[in-house]
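> Here is a sequence together with a model predicted from it:
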Amino acid sequence: MHTILHATVFGVLALATLGGAVKVISTRSIIHAAFWLFPVFAGIAGFYLYLDAQFLAAMQVLIYIGAILVLIVFAVTLTRNATSTDEAQTNGLFIPVLLAALVLVYALGTTVFNHLWPIESNVWLDAVPLSAAVPGVMVTDVSALGLVLLSQYLLPFEIASVLLLAAMVGAIVLARKERTPAATAGVAAVEAAPADVRELSNV
Amino acid sequence: MNIDNVYILHTFAPEIALVALALLVLLVDLLLPKGNKRQVLAVFAALGCLGVAGLGAWQWTNGAPTPPAAVQASVHVLAQRGAVALEAMLFHTSVTQPTSTAPVLTPDFLVGMMQDKMWPLKSVTETDIRALYKAANLTGMDSLNTTDARAALIAYTALRRDIVRLPAQKLGLAHADEAVWWLFANDQFSAAFKVIFALAAFLVLLFSVRFPVERYRGEFISLLLFAAFGLMVMVNSLDLVVLFLGLELTALCVYPLVAWHKDNPRSAEAGTKYLLLGSLASACYIYGVSLLFVTFGSTHLNTIAADMHAANPMALAGLLLIIIGFGFKVAGAPLHLWAPDVYQGAPYAVAAFLSTASKAAGFAVLLRVLTIGFPHFSEQWATLLGVIAALSVVVGNTIAVHQNNVKRLLAYSGIAQAGYLLIAVMATGAAHLAGHDPIDGGKALVLYLFLYTVGNIGAFAVAGIVAQDTGSEEMSAFAGLRTRAPLLAFGMLILLLSLGGIPLLAGFVGKWFIFLSGVQEGQYLLVLLGASMSVVSIYYYLLLAKQMYILPAKADAKALRIGLPAGIGLLLVVLLTVAIGAYPRPFVEAAQVTAQALLGR
Amino acid sequence: MDALRNLAHIIWYFIAAHEVLRSFVVAVCSLVFMLVIVLIAIWMERKVSADIQNRIGPIRTGGLLGFVLQSMADALKLLLKEDLRPAGADKWPFVVAPYLVFVPAFLVYLILPFSATWVPQDLKIGILFYSAVSAVPALGIAMAGWSSNNKWSLLGGLRAAAQLISYELPLGLAILAVVLLYGTLEMKGIVAAQWQHWWMDLITLPALLIFLVAGMAEVSRAPFDLPEAESELVAGFNTEYSGMRFATFFLAEFSASFFISALAVTLFVGGWSLWGVDIWFAQHVLHMDPSTWNLAAPASIPFIMKAFWFFVFLAKSFVVLWILMWLKWTMPRLRIDQVLNFGWKILLPAALLNLLLVSGIGAVLPRLSKPLTATQDVAPIHIDDSVGLAPVAQTPPPLPPLRDDVPAPGTP
């Protein structure tokens, strides 16, 4: 009973994630590709829930669906070819890249299937006593995560905040509209650029 | 809040200073009036970088800081636990199996042994035994009666446990200093590279004073400083995820820097290209890390090394993906395609930073990851790096010959240089096989990275000054530079000859040690290839020299203005290049000490 | 009778024993509750708007039961209407979009603490669940706007996406102020803290204002109803929707409105508690002994109090909902640039400032919520080994004594 249930849940999630991912790259309409990202992200969030990582699942939905995906859809609807359904899916490198991808899939596949996974080998889990968490508190607990982030991983946490600051500075510089027309050679090219691209920076 | 502040300050002095400087620049930029006065800001930031380099040098001379007492105590306790457990086990084995030469240390056997009435140490738990078993088994030792095995087990137990089994009362913020000790290397190797990055930022900022990055000068400087900070995090970290943090920090700073002149289609294209390919490389890297994580349950290099099984395909796949990620970063041959386009589109200052400091960080991290985390795979990665090195040397040098654009020429020359540097990295791996000293390779790498960083930034700076003056990036812009700016031309000549490897200049010393390390590890073919291709490189460097010294200047050409900051920077660069070439001994010794810190353990 | 009771017990145990089934039952109950609430809210909206505009409002259906039957009649009418799909519409996104809006709007009801110990699904991440799930409708609205193949719809969808993303930040920061103050993400814990220290609501008053403004924008109610501004965009993103699909959007909107009110009550206005009056009432009128009540043990609290609290919660929520309606029907609509400017340049800094203020107060105040006893005096946590693949927790063995205290191996 339990096995069937688990297999079903896993199967549905895997189908949503992988099927969505395949559709993202195979669909000919760019906006449909964006829409198909939804099952992918939702499926990954489902995996997190399935692994009892509620916090990660919430973050996945909040960040990937709520922010990134909505912004992608937003941006795509502003591009010129949003409605076209004949975006080229392949180019001249199709065959060699396909072969390379198959080799990669084979290599990774054999690796994954031959790997001694921790579930099958209890030795792995037992021999890694580090994962032995705190009694009474699940590792997925948000407070535990917060404590670890602000104690053991305090410095990486602070580095991440510097990263966000730097990214923000960079994004503002790139997106900010010029007050004076630039005197460089590229002005003509900017004029020629699609109007919607420029408008995006105003939003 | 009983963090050992002194320890943290000592460990991260350059980093903290750099971030503070970047924030200061951002703030001052808000207050300064618009216009060229902001050039003062660049000079100020450059001087700050010099200070950061000084802090790095101070760290380097002091060596690794002493961990706080709390850390020492925990490590002490844990190391002793390892020793006690091991001795107990040896004793027990000798008692119960006196005739057996190699006891089969299965977990069941060990657990049974632990529960045995004769077991002298009740305090050693089952998990201890399993961990010991795992260490013993996975490092390929079937017998535990050698001092090496003992040392390895002690180290293993110490490293594996120290952070996670600290006394409970310290759960609050007291953990930060232990984590610092655990997550960051803080050795002379990283200190040396902190100096290199700070110097690179210093030079780039000096040269950028006259470059047309007027738009948001403050942001330009601060992003450059943040990027340097990211590089410092990268070389200092022992954990692959923290390393990724540094990698991304640098990348996120460099993407907008490359696309700085976003109105220029070439710059925008370069930014887009670097963003897409850089993201791909990051994805490869983090995928590799995830594979390592499922294999070892940790992303810490020491843990990975301790748990490494010689024939684990999953770990090998992870390592391969990580090397691909770094291969992109250092622009090794099959992964080099982005470099010429990106350098061409980026502002000169950014291209200079990207081709030197960023590349140096890539090599330093590659060396640390490979030698600390994957010594068991040294055969595999040395072979792979050998192939990349050979390809880079050939591709970079042959394509560079055909370039007319100076930036592209320098880009391809950079790819070739990456090839030479990879020979040095490879030599450290091959040394494990050949029984040689891996420090030779490390020494050559550090030395060459230093002189390459300094020299290449100078070359980019001269190219930038000329391009700004003539409005052309073609080689012909250099025509008659001898008459227009004799000092500049002479400096550039020295830098080019040094890059080409002419004796009595820095490049020769660097190449000498690289090829020497290659020869010592028996890589004759690779060294031969590198040396002969190095001759090819002299050809295209001399093509540029011909433009400067033999061809006449255009009729309407005027004298070139360099500016004081750039002039000082150039003087420094040339002096260093000549000094290393003429009297290499102190530099070689410093490189030796630096490499020793990483590889001599 | 006994047989019946036993049967009921057996069924209940069966349900309780099967987590999946229990979740299902809880979900269905929440859905029904939500539908009933929405029926009332729609009627209320019509009455309130009529009142403000000096009208009487709907009186024909249901008589005294009009507050339920009127909306039922509305729903029936919508059900019977033809479900149109424009010929040029993008089929699948058009069909899926209403559900992407509706399902999150209903899911969030699962975490609402209706009364002490009455929480449909007591999640550990609590309020974070709301933040996550409420982010999805923006996608559904953008999808609806795009797939309708209508410029009004597209503009409405884009406005909605921009508006929802912009106002999610102040909303989240206002919630964060509460979480910071009470030190827990769990809805139950947040209300319990307010129950014990009712004056804490005064500290979160600025956060309440920010939350209400951002919440109004989140559910696209006037003056923030740009996505469906009828004077400019016909009906915005749901212009092309009709019949049941339109009803789905409509339902989601009203459900979200009530939920925002209920959440405001839960986080800032004491939830089901009545600022100490409930305890006084229980002590002096009902002659109970509140000191024996324990929120961790549901059985210790009499049912009558739980029911009382439930009605307190509902009443408070409807009062807040009434305030929202009042604002809606008396305020002119903003322009889109005003909306975005207000969100980013006024509300967000205000929310950040408030967060700073609250963290300052929180640092001064003693820790009020339940301390994290479970994590404070035990060995550190090592998160290195994946957040998801957590093995069974186990007690770390005590550190062995140092070598000096241990007999060297080999000595007798």
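Ah, there it is. Numbering: from 1, shown residues only, chains lettered A, B, ... in the order given.
> Can you name the next helix or strand after the helix or strand that contains residue B:21?
Using DSSP states H and E, residue B:21 sits in helix B:5-31. Sequence-wise, the next helix or strand downstream of helix B:5-31 (DSSP H and E) is helix B:39-62.
> could you check the angle helix B:5-31 makes with that following helix?
170 degrees (axes from the mean of the first three to the mean of the last three CA atoms, to 10 degrees).
> can you give me the mean pLDDT across helix B:39-62?
Averaged over helix B:39-62, pLDDT sits at 90.
> same deal with stretch C:126-140?
For stretch C:126-140, the per-residue pLDDT averages 87.
> Ends of that stretch, what's the gap?
23 Å (CA to CA, to the nearest Å).
> now check it, is it near chain A?
Yes: Stretch C:126-140 comes into contact with chain A (CB under 8 Å from any CB of the partner chain), by way of C:128, C:129, C:131, C:132, C:133, C:134, C:135, C:136, C:138, C:139. For the C-beta atoms, the positions are set from N, CA and C on the backbone; glycine is no exception.
> List the buried residues of stretch B:11-27.
Neighbour counts over stretch B:11-27 (16 or more other CB atoms under 10 Å in any protein chain shown) mark B:11-15, B:17-19, B:21-22, B:24-26 as buried.
> Can you narrow these down to the ones near chain A?
The residues of the buried residues of stretch B:11-27 that also fall near chain A, by CB under 8 Å from any CB, are B:12, B:19, B:26.
> Return the closest of those with respect to chain A.
Of all these, residue B:19 has the smallest distance to chain A: 5.9 Å, by CB to the nearest CB.
> Name the residue of chain A that lies nearest to chain C.
Counting by CB to the nearest CB, chain A gets nearest chain C through residue A:66, at 2.3 Å.
> And that residue, how far from residue C:258?
For residue A:66, the distance to residue C:258 (CB to CB, to the nearest Å) stands at 21 Å.
> what about residue B:349, helix or strand, and which?
helix B:348-353.
> next one: residue B:225
Secondary structure assignment for residue B:225, by DSSP H and E: helix B:217-236.
> Run the contact check for the helix or strand following that helix versus chain C.
Counting by DSSP H and E, the next helix or strand C-terminal to helix B:217-236 is helix B:240-258. No: residues of helix B:240-258 contacting chain C under CB under 8 Å from any CB: none, with a closest distance of 9.1 Å.
> What residues sit buried inside the very next helix or strand once past helix B:240-258?
Downstream of helix B:240-258, the first helix or strand assigned by DSSP H and E is helix B:265-296. Using 16+ other CB under 10 Å as the test for burial, helix B:265-296 gives B:265-271, B:273-275, B:277-278, B:281-282, B:284-289, B:291-296.
> what's the answer for stretch B:385-393, then?
Here stretch B:385-393 shows B:385, B:386, B:388, B:389, B:390, B:391, B:392, B:393 as buried, counting by 16+ other CB under 10 Å.
> burial count for residue B:202?
If you count neighbours by other CB atoms under 10 Å in any protein chain shown, residue B:202 ends up with 23.
> hang on, it packs against residue B:56?
No: with contacts counted by CB atoms under 8 Å, residue B:202 stays clear of residue B:56, the gap being 11.2 Å.
> before we move on, back to that, pLDDT check: weakest of the buried residues of stretch B:11-27?
Ranking the buried residues of stretch B:11-27 by pLDDT, residue B:11 lands last with 81.
> which residue packs closest to that one, ignoring adjacent ones?
residue B:186 (4.9 Å; CB to CB, 6 or more residues apart in numbering or on different chains).
> For chain C, see how far away that neighbour is.
20 Å (CB to the nearest CB, to the nearest Å).
> next one: phi and psi at residue 89?
No chain in the question, so chain A it is. As for residue A:89, its main-chain torsions (degrees, to the nearest 10) stand at phi -100, psi -20.
> Actually, chain C is the one I wanted.
phi -70, psi 150.
> And residue B:405, by the same measure?
Dihedral angles for residue B:405 - degrees, to the nearest 10 - are phi -80, psi 130.
> need the contact list for it.
B:344, B:473, B:474, B:475 (CB atoms under 8 Å, 6 or more residues apart in numbering or on different chains).
> Export those as CSV, with columns for secondary structure, distance to chain C and pLDDT.
Output for the contacts of residue B:405, formatted as CSV (DSSP: H, G, I helix; E, B strand; the rest coil; distance: CB to the nearest CB, whole Å; pLDDT from 0 to 100):
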residue, secondary structure, distance to chain C, pLDDT
B:344, helix, 36, 88
B:473, coil, 41, 82
B:474, strand, 46, 85
B:475, helix, 49, 84
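> Closest to chain A out of the residues you listed?
Nearest member of those to chain A, counting by CB to the nearest CB, is residue B:473, at 12.0 Å.
> what's the burial count for that closest one?
20.
> contacting residues for it?
B:344, B:405, B:406, B:407, B:463, B:467.
> just residue B:209 next, same as before
Taking CB under 8 Å, 6+ apart, one finds B:39, B:42, B:43, B:46, B:563, B:565, B:566 in contact with residue B:209.
> filter the buried residues of helix B:265-296 down to the ones close to chain A.
Okay, of the buried residues of helix B:265-296 touching chain A (CB under 8 Å from any CB), that's B:265, B:266, B:267, B:268, B:271, B:291, B:294, B:295.
> Look at the closest residue to chain B within the stretch 151-300 of chain C and report its pLDDT.
Distances between the stretch 151-300 of chain C and chain B by CB to the nearest CB are smallest at residue C:183, namely 15.0 Å. Residue C:183 carries a pLDDT value of 77.
> List the contacts of residue C:232.
No contacts exist for residue C:232 under CB under 8 Å, 6+ apart.
> now it: how far from residue A:108?
On the measure of CB to CB, residue C:232 and residue A:108 end up 53 Å apart.
> same check, this time on residue A:177
Taking CB to CB, one finds residue A:177 at 45 Å from residue A:108.
> Could you report the pLDDT at the residue of chain A closest to chain C?
85.
> Which one of the ones next to chain A among the buried residues of helix B:265-296 is nearest to chain A?
Distances from chain A to these, taken by CB to the nearest CB, are shortest for residue B:265, at 4.3 Å.
> mind checking how far the closest one is from residue B:323?
For residue B:265 relative to residue B:323 (CB to CB), the value is 34 Å.
> so where's the chain shaky on pLDDT?
In the absence of a named chain, this looks at chain A. A:1-3, A:80-87, A:115-141, A:144, A:151-152, A:178-203 (pLDDT under 70).
> let's do chain B instead
Looking at chain B by pLDDT under 70, you get B:1-5, B:34-37, B:64-182, B:212-215, B:297, B:303, B:306-311, B:430-435, B:601.
> picking that back up, wait, which of the contacts of residue B:209 is closest to chain C?
Closest approach between those and chain C, by CB to the nearest CB: residue B:42, at 31.2 Å.
> Quick check, that closest one in contact with residue B:217.
Yes: in this structure, residue B:42 is within contact of residue B:217 by CB under 8 Å, at 6.7 Å.
> Now the residue of chain C found nearest chain A: closest residue in space, sequence neighbours ignored.
In chain C, no residue comes nearer to chain A than residue C:135, which is 2.3 Å away by CB to the nearest CB. Distances taken as CB to CB, 6+ apart place residue A:66 nearest to residue C:135, at 2.3 Å, with adjacent residues excluded.
> Count the residues that sit near the one you found.
For residue A:66, using other CB under 10 Å, the count is 26.
> who touches it in this structure?
Per CB under 8 Å, 6+ apart, neighbours of residue A:66: C:132, C:134, C:135, C:136, C:138, C:139, C:165, C:168.
> The same query, at a cut-off of 7 Å, please.
C:132, C:135, C:136, C:138, C:168 (CB atoms under 7 Å, 6 or more residues apart in numbering or on different chains).
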